[in-house]
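Q: can't give you the sequence, but here's the structure:
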C-alpha cells in the first residue's frame, strides 16, 4: 500500500471530492498504481484493490484534442492457485484500464481491455481525444475479463471529465458549483463468497458489517448546496450486486432529491438536446452517468434526503448552506434553453431520420440469461460478433430487456422502442419519502434522439462510425455477468464497404418482438396526439389504430395487452432496411 495509514470515514460527514489531475498544454500524463489498499467506514475495515490507494481514485480532467498518457503499474502480488479461466471469476491480481464512455481507439496502445497487465508488470496507455470530442462525465476502472466485478465493485474506480470550453454553456450551468457523486453498493458478502472465493482470492476482506451504499466511498454523506443556487452534480453509478447471480446488479439507481428542483443536463457524457428537462426520478443504469442541475430553496441549515431504490432508501443528505459571495450571480438565475447549446460533433449527428447503411442492420440480443451470452454465444476473444466499416451508419435491432448493455468507443442513439429497466411494477424494496417509479419515469429520462453508451430495453439503436476504426467491445454492465461471458466485440473495418452480421439463431423472433414494441410506441404517440387535440379524450375504437394480438404478444408487457384488447386486429409495422442479414 502507498502508506501505513488509511482513510477513516464516518457516517454523515460532508462529501469529499476526489483529488483532480488536469491536462496542461494539451497533455495529461500521469502514473496510475493498481494496488492493495485499506479504508475504514464506521466499524468496517475493508482491504481491497484501489487506483492510487484510495476509493475513488483521482479525477482525471482533460479537454477535447488532448493526449492522455497513463503509466499503469500493477503492484499487486500474484496469489497462489490463481490463473485466468475464460468466462469465470479468475485472475484476481491482473488488471488493465478502461476509460468508460470515451470516444477514442479501443486498440493498443489505447483502451484495449482484451490485454491484461499481470501482477508486478506495467503498461503505458496512450490515447488521443478528437478535436471535437463532446465534453462530459465519464469514469475509469480495471476491465480484466474474469476480475472486473472484483475490482470495480471492490472500489477500484475514478472519474474522467472532459471539460467544457468557457462560454459554451448556458449561464447557470457555467456558473454552477460542481460536485462529483460516485455511487457504489459495497456488498462485502457478495464479493467475498460469490466472486473472490471461486477466483481463489484471499486479499479482499471486510472486517465488520457491510458498508452497502457509498458515495465517493463515504457512508450517508452530506452534500452541501448554497440556497437558491444551481449545482451541477456529475453522477455515476457502478452498480449493486446481491449474493446470488440474479438481476440485482442490473437495477438502475432511481436517484431522487426530494424538495429540490432537478433538471437533466446530460447522459453518459453527452448533452441532451432539450435542456432543461425536468426530472423527479433518475433511472440511471449501472455504468451510466447523469449530469444533473439541482437547486434547493429550503431554509438554510435544513437537510433533505438523497434517495435511491435500494434496500437503504436514504443514502445521504442535501444540506442547504448560505450563499457564498464567490459564487457568480448566474448560478442563481433561471434555467432556460441556450442558443447554440449543445453543439454536436459529427460522430453525434442526429441519425433518427437517416436510414442505416444497406446491409448494416444487425440483431444484438443480450441474454436473456447469463449462459446465453450475447446472441447465444459466450465471450471468445477470437470471435467477432458483427462488422461494419468506417463511415457507415450502423443499426442494431436491440433486445437487452434484463441487462444493462454497454458499448465501448461508439455511443449509440435511441431511435425508437421501450428503454430502461422493465420491471418497475415488481419493485417491492424499501422506499421512504420519495416517488415510487412508474413506467413514465423511463419515458421522461429515455427519449428518442438521446445518446447513450449504457442502456436497457428493446428497440432500435444506431451509431456513427465516421471517426474511429478498430475494436468495439460490448457487454452486460452487471459486471458479474460480463466476467461470466456476457461480452463480445464488433470490428469497424477501415477500407471496407460492407457489413457482416452474426445474428442469433432466433433472430427473426427477436426482430418481430422489436417491431411489436415499436408499434406499441407508435400507438402511444398517436393516442397522445389525439388526446392533445381532443382535450384529453381518446376514442380507443379508432380503426386505424388497431393492432394485432400477435404483435403485442411478441412485444410483451401490460400496455400491449391493453391496447390489443382495445383495438383488435390491424396492419403490420414496417421498419427501414431491417431485413435479416
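A: Thanks, I have it. Everything numeric here is computed off the predicted structure, so don't read it as measured data.

Q: quick one, what contacts residue 236?
A: 137, 139, 159, 181-183, 287-289 (C-beta atoms under 8 Å, 6 or more residues apart in numbering). C-beta: built from backbone N, CA, C; applies to glycine.

Q: one more time with 6 Å, if that's ok
A: Applying C-beta atoms under 6 Å, 6 or more residues apart in numbering to residue 236 gives the contacts 139, 182, 289.

Q: ok so the first one is a strand residue?
A: If I follow you right, that is residue 139. Yes: using DSSP: H, G, I helix; E, B strand; the rest coil, the assignment for residue 139 is a strand.

Q: Would you mind measuring from residue 367 to residue 115?
A: Distance from residue 367 to residue 115, counting by C-beta to C-beta, to the nearest Å: 27 Å.

Q: Residue 400 too?
A: 26 Å.

Q: Pass me the low-pLDDT residue ranges in the chain, would you?
A: 1-5, 241-249, 310-312, 422-441, 531-581 (pLDDT under 70).

Q: Just give me the longest helix of it.
A: In the chain, taking DSSP state H as the definition, the longest helix is helix 507-533.

Q: what's it packed up against?
A: strand 361-365, strand 393-407, strand 412-419, strand 454-464, helix 549-555, helix 558-567 (3 or more C-beta pairs under 6 Å, 6 or more residues apart in numbering; DSSP states H and E).

Q: Most neighbours of all the contacts of residue 236, which one?
A: Most neighbours among the contacts of residue 236, by other C-beta atoms under 10 Å: residue 139, with 28 neighbours.

Q: Return the set of residues that bridge with that one.
A: Counting by DSSP bridges, residue 139 forms beta bridges with residue 100, residue 159.

Q: quick revisit: kindly indicate which of the contacts of residue 236 lies nearest residue 480.
A: Nearest to residue 480 among the contacts of residue 236 is residue 139, at 18.3 Å by C-beta to C-beta.

Q: Hmm, residue 100 and the closest one touching each other?
A: Yes: Residue 139 lies in contact with residue 100 (C-beta atoms under 6 Å); the separation is 5.1 Å.

Q: before we move on, back to that, residue 400 and residue 115: which is more packed in?
A: Legend: neighbour count by other C-beta under 10 Å for residue 400 and residue 115, higher for residue 400 (29 against 12).

Q: Residue 170 and residue 338 touch, don't they?
A: Yes: judged on C-beta under 6 Å, residue 170 makes contact with residue 338 at a distance of 3.7 Å.

Q: and those two? which has more neighbours close in?
A: residue 170 (24 against 16).

Q: returning to that earlier point: quick one: which of the contacts of residue 236 is nearest residue 37?
A: For the contacts of residue 236, the nearest to residue 37 is residue 182 (15.9 Å; C-beta to C-beta).

Q: Spatially central residue in this structure, please.
A: residue 288 (1.6 Å; C-alpha atoms, centre = their mean).

Q: For that residue, which non-adjacent residue is spatially closest?
A: With sequence-adjacent residues excluded and distances taken as C-beta to C-beta, 6 or more residues apart in numbering, residue 288 is closest to residue 454, at 4.3 Å.

Q: Is residue 230 in contact with residue 295, as I believe?
A: Yes: between residue 230 and residue 295 there is a contact under C-beta under 6 Å: 4.9 Å.

Q: tell me which element residue 182 is part of?
A: Assigned by DSSP states H and E, residue 182 belongs to strand 178-186.

Q: related to what we said a few turns ago, tell me the gap between the longest helix of the chain and the middle of its chain.
A: 25 Å (C-alpha atoms, centre = their mean, to the nearest Å).

Q: do the same with stretch 481-488
A: Worked out by C-alpha atoms, centre = their mean, stretch 481-488 lies 16 Å from the chain centre.

Q: tell me which residues of that stretch are tucked away?
A: Within stretch 481-488, the residues that count as buried by 16 or more other C-beta atoms under 10 Å are 481-488.

Q: How about stretch 67-74?
A: 68-70, 72-74.

Q: Can you pick out the ones from those residues that are in strands?
A: Residues from the buried residues of stretch 67-74 lying in strands, with DSSP state E as the criterion: 68-70, 72-74.

Q: Residue 297 - how many residues pack around it?
A: Neighbours around residue 297, by other C-beta under 10 Å: 11.

Q: got it, and the one 5 residues further on?
A: Number of residues near residue 302 (other C-beta under 10 Å) recorded here: 13.

Q: how close does it sit to residue 318?
A: Relative to residue 318, residue 302 is positioned 9 Å away (C-beta to C-beta).

Q: How about residue 63?
A: From residue 63 to residue 318 the distance is 30 Å (C-beta to C-beta).

Q: could you pull out the helices for the chain?
A: Here the chain has its helices, by DSSP H, at 148-152, 171-175, 188-189, 439-445, 479-483, 507-533, 549-555, 558-567.

Q: For the fifth one, which helices and strands make contact with it?
A: Going back to what we said before, that points to helix 479-483. On a contact count with 3+ C-beta pairs under 6 Å, 6+ apart, helix 479-483 meets helix 148-152.

Q: how does it look with 10 Å?
A: For helix 479-483, the packing partners by 3 or more C-beta pairs under 10 Å, 6 or more residues apart in numbering; DSSP states H and E come out as helix 148-152, strand 393-407, strand 470-476.
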